[in-house]
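could you look at this predicted model? Sequence included:
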Amino acid sequence: MNLQLSGRTALVTGGSNGIGAATARFLAAEGVAVGVHGRHAERTEGVVGEIRASGGAAHALSAELLDEAEVDRLADEALAVLGSVDILVCNAGGRAPLASLGWEESSLANWRATFEMNVHYSVRLIQRLAPAMRARGHGRIVLVSSAAGLQPMGNQPDYGAAKAALMSLAVSTSKWLRGTGVTINAVSPGATLTDQLRGYLMKIAPEKGWGNDWAEIERRAANEMMKIPAGCFGRPEQVASLIGWLASPWASFVTGADIHMDGGVIGTLT
């Protein structure tokens, strides 16, 4: 695939595994020099090593995204090693330690941490990196949200609200960036087959009576437990390809959008 990205630069947060690692690899294969951010140095270096072994350009970056000073340092280091940041992918996120709790158990501190893990650092990186994109007349920002932001679950209200906030951020920021050549969009994956999800499904398969054949486990889990119309789980590489397309010139007319990639689970019209 040639997305006309050769020579561009990118910062991908949460790039040490899952969707972030797949995105870093995909962009690098398209000729993008990638700053790969991750909290786990060994895994981040592993992704960078894979990219370099394949002939790509990549640099390992680390920062604690709950700390504003660390986020600023990440922006500075990305600019130092890349020269500029043409593409910003805010993929890092997740749930605070107690985010699986519901309304009665979850504290305000819990909500605050979840928003910091998903929204606050994204805002700060946009503040730090988007002005230079505007000045150059070109840039791409992609926020990785979640299907949970469109169809929230009752036992994770803080996570769903944080992911919905990213969608709102994409819309509001697109208006600020109007006419500058810089676009911003959100991507909302559904159930995506990360190592963590695969491990969980393999663990519960015996008690569910799904056997030990992976193809059968995936089919049964996708259809019986998750009720995914596509009949399977998404792959990180599929999400990465969507992010890559949004970062390309082909998507210059797409901004302020949220694109969900969930196998048909969320059947809404917008």
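Thanks, I have it. Numbers count the residues shown, from 1 in each chain.

and the gap between the nearest residue to A221 once chain neighbours are set aside and N212?
The spatially closest residue to A221, leaving aside those adjacent along the chain, is L201, at 5.2 Å (C-beta to C-beta, 6 or more residues apart in numbering). Yep, even glycine has a C-beta here, placed from its N, CA and C like the rest. Here the distance between L201 and N212 works out to 11 Å (C-beta to C-beta, to the nearest Å).

now the residue nearest to A221: how far from G211?
Taking C-beta to C-beta as the criterion, L201 is separated from G211 by 12 Å.

do Q127 as well
In this structure, Q127 lies at 51 Å from G211, with C-beta to C-beta as the measure.

same question, G190
Noted for G190: a distance of 24 Å to G211, by C-beta to C-beta.

and for I51?
The spacing between I51 and G211, counted by C-beta to C-beta, is 36 Å.

ok, G83 next?
If you go by C-beta to C-beta, the gap between G83 and G211 works out to 52 Å.

what residues does the helix or strand hosting the residue nearest to A221 touch?
Using DSSP states H and E, L201 sits in helix 195-208. By C-beta atoms under 8 Å, 6 or more residues apart in numbering, the surrounding residues in contact with helix 195-208 are 17-18, 191, 211-212, 214, 217-218, 220-221, 224-225, 233.

also stretch 257-265?
Under the criterion C-beta under 8 Å, 6+ apart, external residues in contact with stretch 257-265 comprise 145, 147, 149-151, 167, 170, 185-191, 222, 226-234, 238-239, 242, 246, 266.

center of the chain, which residue is that?
Against the mean C-alpha coordinate of the chain, by C-alpha atoms, centre = their mean, the closest residue is N91 at 2.7 Å.
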